[in-house]
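>>> Could you work out the structure for the sequence below:
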Amino acid sequence: MTATNPQDLAARYIAQWTEPDPTHRRTAIESLWAENGTHILQPPAEIREIAAGLGFDHPTLRAQGYDAIETRVTRSYEQFVEKGEFTFRPGTDAVLLDGLVQFRWDTVAVGSGEVVGGGLEVLVLDPDGRIRTDYMIPGA
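Alright, predicted model coming up:
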């Protein structure tokens, strides 16, 4: 497996979510992710409640491949970052263990610097050190 600095990977991962230029964002995605990489999101509580009411015990949201991941990252950028209200930053706790990288991240109010959210990221890397599977758990 390619040598991976987990804190550097965490910083590059978060940077893709805050990149304003669509071309640079796509380039970041292609350099970070395996071609068929999968982003798996634990949905917000209200979505989980609706799914449970429909008989789904463990709903997850998935984006697979460069195009789907680019759409997911772009929508998040548009919703949270583009308006200048929030940004994301990686924690300083990234660890690498046998092809897995785990770190926490924060959602930060731009005006005040206050942490208003965040979550846990678990990345499964391929042998080249690219993201094969990304488990995003907001609020964790």
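
>>> Does residue 47 touch residue 58 like I think?
No - between residue 47 and residue 58 there is no contact under C-beta atoms under 8 Å: 12.0 Å. (Each C-beta comes from the backbone N, C-alpha and C, glycine too.)

>>> For the worst-scoring helix or strand of the chain on mean pLDDT, which residues meet the burial criterion?
Lowest on mean pLDDT, DSSP states H and E among the helices and strands of the chain sits helix 45-53, with a mean of 79. Within helix 45-53, the residues that count as buried by 16 or more other C-beta atoms under 10 Å are residue 48.

>>> Please enumerate residues in contact with the helix or strand just after that helix?
Sequence order places strand 61-64 as the next helix or strand after helix 45-53, per DSSP states H and E. In this structure, residues lying in contact with strand 61-64 by C-beta atoms under 8 Å, 6 or more residues apart in numbering are 36-41, 43, 47, 69, 71-72.

>>> go again using 6 Å as the cut-off
For strand 61-64, the surrounding residues in contact (C-beta atoms under 6 Å, 6 or more residues apart in numbering) are 38-41, 43, 69, 72.

>>> That one pairs with which strands?
Applying DSSP bridges, strand 61-64 is found paired with strand 33-41 (antiparallel).

>>> pLDDT on the partner strand, on average?
Mean pLDDT, strand 33-41: 96.

>>> In that strand, which of the residues would be classed as buried?
33-34, 37-39, 41.

>>> Just flag the most distant two among the residues you listed.
34 and 41 (17.7 Å; C-beta to C-beta).

>>> Check residue 58 and give its pLDDT.
Per-residue pLDDT puts residue 58 at 74.

>>> how much space between it and residue 52?
9 Å (C-beta to C-beta, to the nearest Å).

>>> quick one, phi psi at residue 42?
Backbone torsions of residue 42, given as degrees, to the nearest 10, read phi -70, psi 120.

>>> Please report the distance of it from residue 117.
Taking C-beta to C-beta, one finds residue 42 at 13 Å from residue 117.

>>> Compare the two (neighbour count), which wins?
residue 42 (19 against 14; other C-beta atoms under 10 Å).
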